[in-house]
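Asker: coords please:
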Amino acid sequence: MGICCSTDDENTQSLQNAPPGLDIPSTSNPHRGIQRKLSKTVTGMVKTIECKSIQEVKAKYKFSARALGKGATSVVRIAIQKSTGNKVAIKQMSLSNLDRRALSKLLNEIEVMKTLDHPNIVKLLRVMKTPRYVFLIMELCTGGELYDGLASRGAYNMKRVASLTEQMLSAIRYCHSKGIVHRDLKLENFVFENEKDGARLKLIDFGLSSALKRRAMGAHVVSSTAQPTDTPKSNRALMEARVVTPRNMAVMKMKTFVGTVYYVAPELFKGQYDEKCDVWSIGVICFMLATGRPPFDGESFKDIERLVKRQIKFDKREDKHISGDARTFIKSLLERDPNKRPSAEEALKMPWITAVMHKERRKSKHAVVPGTVLKKLKSFASQTALKRTALLLMAHHIAGKDLHALRSHFESLDKDGSGRITLDELTNGLKMSNLLKDEEEDDRSSKLSDVEIADKNMEKNQVTQIDKKELKRVFEMLDQDNTGRIQLTQFMAAMISTNEFNDDEVHEAFEDLDKDNTGYITMGDMKSFLGRDFSTEHAKRIVRESDKDGDGRISLTEFVEIMKAETKDTLDVDADDDGDVVG
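Answerer: Residues are numbered from 1 along each chain as shown. Okay, here's the model as predicted:
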């Protein structure tokens, strides 16, 4: 259905837009460059494993013979991780005859995917590479492409269209907040998590994505059109020092013509565009989901270029099921002037989306947060920094497990659908679920007798509650990257227990933290995992806290002992500023 469009300029431009710090090798010897630089593009929770041959990959994963998809230099297959039994998708890409453009695309896709953690974006779990191949181990989605779903139905009912559109916008809003523009949104690049009715939608394929650049007072700053909402606090002050106000910034328009022609925004034909091109593409998809036909259906590139200049029209007879609010919404996304087109965040607040989704959320059985969720949040916050880090890593790799209920709790707290939870959202969610202590009631209770207090506890069924001060500390422990928001994996890390994992999985977490493969977790390993926004002293403190024999490193035996230790139930709210519990 899609006609892929690119020009020779994309080759040059993609190299210019390669992520900072990546060396693009010359065409004469591309393999040396990728062997030297690929490991540096994947840090934190996504580890690159060097392998001498494909047999080392097959020792960890059992591949199916059937391919989920094929490209010119890649193939995607279902595989089973032998240590866990979890099913994953593995994208195998050949490095043979890889030219500069293809290598740049590969490096860009890895660089982008490793930074993403959102319920509606497919998760990159691990990277393995041999001299001839690169393997991307990813979360498996078995429900098929959105294109196939539409083709089998002809069109979706408008309630489902609203739900799917909200999920697409939520994913893109998240990408834009991180300064990432996808540039190739289409039906084929959204897949369903599973085959169930109402399955979650996931965005895939970031090969054509790009960092949006801004020019500010002579300096280049990678950002979205607004100041990034998830910039680490240690970087935010620097960015504010370089960029005084948004008025000092002029969007540096991207000029590469990429994407699939049915979905491209009018400004692409003029050669300049920004992140609003993604919003247009979602408008095209939304129209197709609602009507079963493309809004601009031409036979050639020139046909589409001519048709996108026209106002879209709804058929009086065939489209009578589409409400006025829905038509207004679709037309706004397909506004030809990008300055008048809403952002992804603004689109999520439009009446059609908010009205439909508010009704759906009120029906959800997970609208109220159970007390067990709060208990797990408090328990997680009371663990050592190393155990919290290891649980975060393990949570990143549990995509194959049944997480529907836990993710539903996350979504019930994520009121604005951003894919992240703020402290205000967590506070309000617990308050609505009667899990937040009433400070005024506490003042009144202090005057009651012990018997009266006991009676009140019985009336509340002895529900676990938390006060605002302790909740703030719990939030800070979950927000391990200091963005002011809890991402899905961080929330899941608090919900899981090490008892759910076998010894092989615990050992694998140790190996992933052991970045330099020495058989020990060192301060350098922790620094590499945490990233440059954390101090060396912070990394040292994590190691020192769990280093039982005082040799300055953590052995596998020490790590297993820490992970298997019984969970504490209390949190010291007078912890130090770096988030380590004093005790």
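Asker: tell me which stretches of the stretch 101-250 of the chain form strands.
Answerer: Remark: strands assigned in the stretch 101-250 of the chain by DSSP state E, counting those that start in this stretch are 124-129, 133-139, 180-181, 190-192, 201-203, 210-211, 213-216, 219-222, 249-252.
Asker: and the ones you listed, which one is worst for confidence?
Answerer: With a mean of 27, strand 219-222 has the lowest mean pLDDT of the strands of the stretch 101-250 of the chain.
Asker: next one: stretch 179-199 to chain centre, how far?
Answerer: Relative to its chain's centre, stretch 179-199 lies at 13 Å (C-alpha atoms, centre = their mean, to the nearest Å).
Asker: got the buried residues for that stretch?
Answerer: 179-193, 199 (16 or more other C-beta atoms under 10 Å). C-beta coordinates here come from the backbone N, C-alpha and C atoms, glycine included.
Asker: same question for stretch 72-83.
Answerer: Residues Thr73, Ser74, Val76, Arg77, Ile78, Ala79, Ile80, Gln81 are the ones in stretch 72-83 that count as buried (16+ other C-beta under 10 Å).
Asker: I'd like the residues you listed laid out as TSV, including distance to Leu98, pLDDT and secondary structure.
Answerer: Converted to TSV, the buried residues of stretch 72-83 look like this (distance: C-beta to C-beta, whole Å; pLDDT from 0 to 100; DSSP: H, G, I helix; E, B strand; the rest coil):
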residue	distance to Leu98	pLDDT	secondary structure
Thr73	7	76	coil
Ser74	11	83	strand
Val76	18	91	strand
Arg77	20	93	strand
Ile78	25	94	strand
Ala79	23	95	strand
Ile80	28	93	strand
Gln81	27	89	strand
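Asker: which one of those residues is nearest Phe510?
Answerer: Nearest to Phe510 out of the buried residues of stretch 72-83 is Gln81 (C-beta to C-beta; 16.2 Å).
Asker: contact partners for the closest one?
Answerer: Lys60, Tyr61, Lys87, Val88, Gly400 (C-beta atoms under 8 Å, 6 or more residues apart in numbering).
Asker: hang on, isn't Ser426 packed against Phe475?
Answerer: No, residue 426 isn't Ser; it's Leu. Yes: at 6.0 Å, Leu426 counts as touching Phe475 under the criterion of C-beta atoms under 8 Å.
Asker: and the end-to-end length of stretch 548-559?
Answerer: End-to-end distance of stretch 548-559 (C-alpha to C-alpha, to the nearest Å): 10 Å.
Asker: pull out the buried positions in that stretch.
Answerer: By neighbour count with 16+ other C-beta under 10 Å, stretch 548-559 contains the buried residues Arg553, Ile554, Ser555, Glu558, Phe559.
Asker: need the residues that contact that stretch.
Answerer: The contact list for stretch 548-559 (C-beta under 8 Å, 6+ apart) reads 386, 390, 506-507, 510, 513, 519-523, 543-544, 546-547, 561-562.
Asker: restricted to buried residues, select those in ChimeraX.
Answerer: Here is the ChimeraX command that selects the buried residues among the contacts of stretch 548-559 (16+ other C-beta under 10 Å):
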select :386,390,506,507,510,513,520,521,522,523,543,546,547,562
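Asker: spatially nearest residue to Lys159, not counting backbone neighbours?
Answerer: Among residues not flanking Lys159 along the chain, Val356 sits closest, at 6.0 Å (C-beta to C-beta, 6 or more residues apart in numbering).
Asker: how confident was the prediction at Asn157?
Answerer: 93.
Asker: next, count neighbours for it.
Answerer: Asn157 has 12 neighbours, counted by other C-beta atoms under 10 Å.
Asker: pLDDT below threshold where in the stretch 201-350 of the chain?
Answerer: Along the stretch 201-350 of the chain, segments meeting pLDDT under 70 span 207-260, 298-301.
Asker: where along it do the helices fall?
Answerer: 233-242, 266-270, 276-291, 301-307, 324-333, 344-348 (DSSP state H, counting those that start in this stretch).
Asker: kindly report the same for the stretch 1-150 of the chain.
Answerer: Here the stretch 1-150 of the chain has its helices, by DSSP H, counting those that start in this stretch, at 8-16, 30-41, 54-60, 100-113, 146-153.
Asker: which residues touch the closest residue in space to Tyr147 that isn't next to it in sequence?
Answerer: Spatially, and ignoring its direct neighbours in sequence, Tyr147 is nearest to Leu187 (3.7 Å; C-beta to C-beta, 6+ apart). When contacts are counted by C-beta under 8 Å, 6+ apart, Leu187 touches Met1, Glu145, Leu146, Tyr147, Leu150, Ile285, Met288.
Asker: switch to 7 Å and redo it
Answerer: Glu145, Leu146, Tyr147, Leu150, Ile285, Met288 (C-beta atoms under 7 Å, 6 or more residues apart in numbering).
Asker: scan those and report the most crowded one.
Answerer: Ile285 (27 neighbours).
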